[in-house]
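Participant: Test case, fold it:
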Amino acid sequence: MIELDHVSKHYDGRTIVDDLSLNVPDGAFCVLLGPSGCGKSTTLRMINRLVPFDGGKLPLSGSQALSTEATISFLRKVNGCTEAVKLDELPRADPNDASRVTVANWTTCSSRAPVVLYRIEGGGHRVPSLAPGVPLVESLVGRLNHDFDAAEAIWSFFKNKRSTGHRAQR
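Facilitator: Predicted coordinates for the structure are as follows:
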């Protein structure tokens, strides 16, 4: 079953999908119809987890997927992050790719584990099995953004925790 419960998506301050609720039972055939730019492809990308959604609920196989904002709120609470967020924009490796990466940092958390959100706006992510520049890839995930290497950022986070001897509190 595919279920969307008041799901929304915004890009650059524009509402692309607004408060969409939909239930498609197992085995049913469903068609999304609408004019160009109304959010059909974005809805399919959210269902397939190719792009994050901004609000609502999108259950997956009986478990609940959280929106980006709900996930950050949960992580801030668990890690004891109470200060205001520090926002930065990464330098643009390719000013012609129409994308940017913003970084939201909560660094003074009581757990000593920061909460960091990298948000790619106007660009896509690397799909390992598909070559960049292929129209199908760009239609699914957007133009490839070269400002940010997620694998490197994740490795640096855990490497830093290992070198500082940080242990999770139980």
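Participant: Strands along this protein, start to end?
Facilitator: 2-11, 14-24, 55-60, 63-65, 86-89, 100-106, 115-121 (DSSP state E).
Participant: Excluding sequence neighbours, find me the nearest residue to the most centrally placed residue in the chain.
Facilitator: By C-alpha atoms, centre = their mean, the chain has its centre lying nearest to residue 52, at 3.9 Å. Spatially, and ignoring its direct neighbours in sequence, residue 52 is nearest to residue 68 (4.5 Å; C-beta to C-beta, 6 or more residues apart in numbering). For glycine as for every other residue, the C-beta is placed from the backbone atoms N, C-alpha and C.
Participant: So which of the strands of the chain is nearest residue 150?
Facilitator: strand 115-121 (7.1 Å; C-beta to C-beta).
Participant: Buried residues in that closest one, which are they?
Facilitator: 115-117, 120 (16 or more other C-beta atoms under 10 Å).
Participant: Helices of the chain, residue ranges please.
Facilitator: For the chain, the helices defined by DSSP state H occupy 40-47, 68-79, 135-141, 150-163.
Participant: contacts for stretch 56-75?
Facilitator: Stretch 56-75 has contacts (C-beta atoms under 8 Å, 6 or more residues apart in numbering) with 3-8, 19-21, 46-47, 49, 52-55, 81, 104, 115, 117, 119.
Participant: so how far is it from its chain's centroid?
Facilitator: Offset of stretch 56-75 from its chain centre (C-alpha atoms, centre = their mean, to the nearest Å): 11 Å.
Participant: worst-scoring helix or strand of the protein, pLDDT-wise?
Facilitator: helix 135-141 (a mean of 60; mean pLDDT, DSSP states H and E).
Participant: got any ranges where this protein has weak pLDDT?
Facilitator: Judged by pLDDT under 70, the chain has its weakly predicted residues at 60-65, 123-143, 161-170.
Participant: Excluding covalently adjacent residues, which one is nearest to residue 98?
Facilitator: Closest to residue 98 by C-beta to C-beta, 6+ apart is residue 122, at 5.0 Å.
Participant: And the one you found, how close does it get to residue 150?
Facilitator: According to C-beta to C-beta, to the nearest Å, residue 122 stands 16 Å off from residue 150.
Participant: for residue 158, same thing?
Facilitator: Separation of residue 158 from residue 150 (C-beta to C-beta): 13 Å.
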